[in-house]
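Trainee: Can you look at this prediction? I've put the sequence above it.
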Amino acid sequence: MTTPTSIIVECPICKDETLHQVLSGKLAGKNANVLDSTVKCRSCGRVHHVVLKGEKPISVPVVVSWLKESKRESIILGPDEVLSVNDEVMCADLPVLVTSIESKAGARADVCKVRDISTIWAKRFDKVKILFSINHHGKTYPEQMIVSPDEEFFVGDMLRVGNRDVVIHAIKIQGKSVRKGGAAARDVVRIYANIVRKTTY
């Protein structure tokens, strides 16, 4: 058992099991399977003390996608751990990003205790695919690049995409477009660029 960053426990104010942030905690017990911690309810903000006894880790099915392929794997987690969509976890020595969670009740969930999870859907996250829309004389050409999630792109960058030299003029991320500055590849939805005009003398 390891000290988690968040847990789902009963809140004395909400009178229901809610997501709590672990403010501080230590592992105790003969097998270091008891978590003695101070937690904060994400719903109402109440700070209180909890003691949880960890159970034997369980294996959870994971469907890992990469480009057009998917394969079934499994991941070992503590039953009381909390998993959320967009969490990054290790699966078979490969970093993956959780894209969807199906609970044992048959419903999709954004946040779920591991013991209640039926299947995890995830995508490989040691590499990401960046989509480009490249404009030239009123025509748009689609391209793509495979890069590290931490690679950064900036408006004004000049780079070679496919067989074209281009300059980035906008970057679309979740919820907005970036026209100044940059973004990490992990956050990029699409990059817009123009073909660089070559001047001869």
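Mentor: Thanks, I have it. Keep in mind it's a predicted model, so treat the numbers as computed, not measured. Numbering: from 1, shown residues only.
Trainee: quick one: residue 95 and residue 125 touch, right?
Mentor: Yes: with contact defined as CB atoms under 8 Å, residue 95 reaches residue 125; the gap is 4.7 Å. No exception for glycine: its C-beta is placed from N, CA and C like everyone else's.
Trainee: Compare those two and say which one has the larger neighbour count.
Mentor: Ranked by neighbour count (other CB atoms under 10 Å), residue 95 and residue 125 place residue 125 first, with 21 against 14.
Trainee: close enough to count as contact, that one and residue 97?
Mentor: Yes: with contact defined as CB under 8 Å, residue 125 counts as touching residue 97 (4.3 Å).
Trainee: where do the contact lists of the two overlap?
Mentor: Here residue 125 and residue 97 have residue 88 as joint contacts, going by CB atoms under 8 Å, 6 or more residues apart in numbering.
Trainee: Distance of residue 101 relative to residue 113?
Mentor: Applying CB to CB, to the nearest Å, the value for residue 101 to residue 113 is 10 Å.
Trainee: er, residue 147 actually
Mentor: Going from residue 147 to residue 113 by CB to CB gives 34 Å.
Trainee: And residue 19, by the same measure?
Mentor: For residue 19, the distance to residue 113 - CB to CB - is 10 Å.
Trainee: Now do the shared contacts for the two.
Mentor: Taking CB under 8 Å, 6+ apart as the contact rule, residue 19 and residue 113 both touch 8, 82.
Trainee: any idea of the pLDDT on the most centrally placed residue in the chain?
Mentor: Centroid-nearest residue in the chain: residue 86, 2.8 Å away (criterion: CA atoms, centre = their mean). pLDDT, residue 86: 91.
Trainee: tell me, how many neighbours does residue 179 end up with?
Mentor: By the criterion of other CB under 10 Å, residue 179 has 10 neighbours.
Trainee: thinking residue 37 is in contact with residue 50, fair?
Mentor: Yes: counting by CB under 8 Å, residue 37 does reach residue 50; the two are 6.0 Å apart.
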